[in-house]
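please find the sequence and the predicted model below.
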Amino acid sequence: MPGKYKILSKRGVNGVARIGRGQKEGFIDKNNNIISEPEWDSARDFSEGLAAVSRNGKYGFINYRGEVVIPLEWDYAEDFNYMAAVVRKDGKYGYINEKGEVVIDFIFEDANGFKYNLAAVKLNDKWGFIDLSGQFQIEPKFDRVEHQFRPIKAKYEPMYNFYYE
């Protein structure tokens, strides 16, 4: 195997790494066994047991056996987070589950993956944040956002009406 493929990513939780040969990408496991030959135009690292792959401009998902489990029918796809993945179809973004079923409709102009149960989405040229059910938790009213949520310990100080860590 050495020299036959180029390692393209660090090994993930299950020891899987992306590999490349020429302009194509695939995957190997922790024992350097081929999961998927480098047959994909692009591939993303595995997340929640699935990896987004593309061929001829269409995206889908494979499992750890290299089997296509969500057909290559999307114009774009990101990693699964919180059992949902951002996908684009016909210029609009929505979310699918691990079965490929649409769980949040294709209404967004742009969208990010979920972090801490929220996802930044763009609607009517403004950004806001939705929860896992697709409901807005922060209405779209921002020109741009950075999705850098992280849990913090905070204490409310009523005298000054603010939170601090």
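Noted; the coordinates are in hand.

what number of residues lie near the residue lying closest to Arg55 once chain neighbours are set aside?
Distance criterion Cβ to Cβ, 6 or more residues apart in numbering; nearest residue to Arg55, sequence neighbours excluded, is Asp41 at 5.4 Å. Just so you know, the C-beta spots here come from the backbone N, C-alpha and C atoms, and that holds for glycine as well. Other residues near Asp41 come to 14 when the count uses other Cβ atoms under 10 Å.

so who does Asp41 touch?
23-25, 54-57 (Cβ atoms under 8 Å, 6 or more residues apart in numbering).

from Tyr95, how far off is it?
According to Cβ to Cβ, to the nearest Å, Asp41 and Tyr95 sit 23 Å apart.

please apply the same query to Asp105.
Counting by Cβ to Cβ - Asp105 and Tyr95 are separated by 9 Å.

who has more neighbours, those two?
Tyr95 (28 against 11).

inside strands: which ones of the contacts of Asp41?
Counted as lying in strands by DSSP state E, out of the contacts of Asp41, are 24-25, 54-55.

between the residues you listed, which has the most around it?
Neighbour-wise, the ones in strands among the contacts of Asp41 (other Cβ under 10 Å) top out at Glu25, 25 neighbours.

give me the spatial nearest neighbour of it, chain neighbours excluded.
The nearest residue in space to Glu25 (Cβ to Cβ, 6+ apart) is Ala43, at 4.1 Å.

correct me, but the one you found touches Ile35?
No - taking contacts as Cβ atoms under 8 Å, Ala43 lies outside contact range of Ile35: 10.5 Å.

buried stuff in stretch 17-32?
Burial within stretch 17-32, assessed by neighbour count using 16 or more other Cβ atoms under 10 Å, is assigned to 17-20, 24-28.

show me which pair in the residues you listed is furthest apart.
Using Cβ to Cβ, the buried residues of stretch 17-32 reach their maximum pairwise distance at Ala17 and Lys24, which is 15.0 Å.

alright, I will stop here.
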